[in-house]
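# Give me coordinates for this.
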Amino acid sequence: MSIQFAKKLAQLPRYEGGMDLERARRLYETDEVIKLASNESPWGPHPAVVEAISAAAAGANRYPDQYASLLRGRIADRFDYDPAAIAVANGSCEILLAAALALCEPGAELIYAWPAFSMYPQLAPLSGAREIRVPLAGYEHDLEAMLTEITEATQLLLLCNPNNPTGTYIPSGRVAALLERVPPHVTVILDEAYIELQVVDDPFATVDLLRRFPNLVLLRTFSKVYGLAGLRCGYALGSARFRAAVDAVRQPFSVNLLAQAAAAEAITHQDDVERRVEKLVAERIGVEEELGALGLATAKSQTNFSWIDLGERDEAEVVEALGREGVIVRAGTPLGGPGHIRVTYGTASENQRFIEALRAVL
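Just a heads-up that it's a prediction; the model follows:
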């Protein structure tokens with residue numbers, strides 16, 4: 001008899017990231033490739049962060065701090081929050097997966113909007129819970145429809161805000177109004193990977209909600225605005241009980257030595273974050289104006305990417321044609337939005353090259 005694997009594997013969707021540069025160079029037979037497919041920062045880490053990584057590397061023969069005490073302390077200082085109620089992980093994705101395992105089991109329900117972050121469909125098969133997908137209203141969360149789906153069996157309500165892949169944002173006032181109506185047995189995870197990139201609210205606005213709603217958890221990451229996607233480090237602000245629960249179901253030492261050092265240094269350079277956001281917003285405005293001039297509709301982005309409606313054009317053909325121009329973007333179908341593409345904002349020269357390539361393709 002051959003090896004028998006768990007039946008849930010057949011139900012588990014495969015997560016596919018954006019095409020990496022080396023593969024793109026081989027596929028399109030050119031070294032002149034730009035990658036605008038993975039919502040990465042076009043700017044590397046702050047120089048002091050690079051120095052911190054270099055210094056930490058000399059100690060790579062030792063295990064990292066299991067509790068990430070320095071990093072958790074600096075996150076606590078940043079948000080005036082209890083370090084015992086802060087979980088850190090190998091990207092915020094790890095906390096999502098751990099939360100599903102810790103909070104859900106067969107008979108439980110979890111709710112999320114769709115399309116949203118493409119990790120969410122993995123949570124139900126892994127935990128045995130039943131997922132409920134609530135279609136977006138246009139490009140935005142339908143909060144009323146999500147509320148109507150809550151039952152006694154609901155354990156998790158996920159809000160991706162700003163939303164990936166549409167880039168739309170729910171203002172903190174509307175989030176608070178939603179939380180007022182969510183029963184206390186439901187854990188609400190506000191997935192805020194792109195929160196620093198929106199210009200509607202102060203990034204502290206939802207942190208203030210944690211003191212009013214003990215069933216709220218905020219997920220944030222160092223992958224985006226801090227330029228540390230390659231080191232994978234995310235965190236959650238919630239309760240000490242939530243932190244203990246997710247820590248109980250994942251491996252120890254999940255945040256490596258270099259990631260801890262980099263993140264602990266990066267969070268101290270908020271002036272650098274502000275400069276990055278200013279540059280990003282300028283690029284966002286410029287790209288969306290150019291897309292409008294080409295007759296293409298986009299969702300109203302509060303992130304570092306555009307969600308572009310291709311109309312009657314063939315999505316696969318557009319993605320392939322852009323690839324042949326040396327511009328790598330994400331197709332909308334795998335992200336839950338057929339007929340769209342998602343394009344990350346790069347540097348000014350990369351964005352101009354994308355617009356020129358798109359103009360040629362169209």
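
# Buried residues in stretch 192-201, which are they?
Of the residues in stretch 192-201, those with enough neighbours to count as buried (16 or more other C-beta atoms under 10 Å) are 192-198, 201. C-beta here means a position set from N, CA and C on the backbone, and glycine is covered the same way.

# likewise stretch 52-67?
Under the neighbour-count criterion of 16+ other C-beta under 10 Å, stretch 52-67 has 52-53, 56, 64 buried.

# Which one of these is nearest to residue 42?
residue 53 (19.0 Å; C-beta to C-beta).

# Is it correct that that closest one is in contact with residue 258?
Yes. At 5.2 Å, residue 53 and residue 258 qualify as touching, with contact defined as C-beta atoms under 8 Å.

# what residues do those two have in common as contacts?
residue 231 (C-beta atoms under 8 Å, 6 or more residues apart in numbering).

# The residue nearest to residue 153 when sequence neighbours are not counted and residue 65: what is the separation?
Using C-beta to C-beta, 6 or more residues apart in numbering and skipping residues adjacent in sequence, the residue nearest residue 153 is residue 109, 4.6 Å away. Counting by C-beta to C-beta, to the nearest Å, the separation of residue 109 from residue 65 is 36 Å.

# what does residue 180 give?
Using C-beta to C-beta, which is the criterion applied here, residue 180 is 38 Å from residue 65.

# Of the buried residues of stretch 52-67, which is the nearest to residue 148?
The closest of those, once distances to residue 148 are taken by C-beta to C-beta, is residue 64, at 44.3 Å.

# And the strands in the stretch 101-250 of the chain, which stretches?
Using DSSP state E, counting those that start in this stretch, the strands assigned to the stretch 101-250 of the chain run over residues 109-114, 130-135, 154-160, 187-191, 216-221, 234-237.

# out of these, nearest to residue 91?
Using C-beta to C-beta and comparing the strands of the stretch 101-250 of the chain, the one that lies nearest residue 91 is strand 234-237, at 4.7 Å.

# What helices and strands are in contact with the closest one?
The elements that strand 234-237 packs onto, with contact taken as 3 or more C-beta pairs under 8 Å, 6 or more residues apart in numbering; DSSP states H and E, are helix 69-79, strand 86-89, helix 92-103, strand 216-221, helix 240-248.

# Could you rerun that using 7 Å?
Based on contacts counted as 3 or more C-beta pairs under 7 Å, 6 or more residues apart in numbering; DSSP states H and E, the elements that strand 234-237 packs against are strand 86-89, helix 92-103, strand 216-221.

# For it, what is the distance to the chain centroid?
12 Å (C-alpha atoms, centre = their mean, to the nearest Å).

# What pairs with it, parallel or antiparallel?
Using DSSP bridges, the strands paired with strand 234-237 are strand 86-89 (antiparallel), strand 216-221 (antiparallel).

# out of these, nearest to residue 355?
For the strands paired with strand 234-237, the distance to residue 355 is smallest for strand 216-221, at 28.1 Å, taking C-beta to C-beta.

# which residues make contact with the closest one from outside it?
Among residues not part of strand 216-221, those counted as contacts by C-beta atoms under 7 Å, 6 or more residues apart in numbering are 91-92, 95-96, 179, 187-193, 195, 206-207, 209-210, 234-238, 242.

# Okay, strands next: where are they in the stretch 251-362 of the chain?
Applying DSSP E, counting those that start in this stretch to the stretch 251-362 of the chain gives strands spanning 297-298, 305-309, 327-328, 330-331, 340-344.
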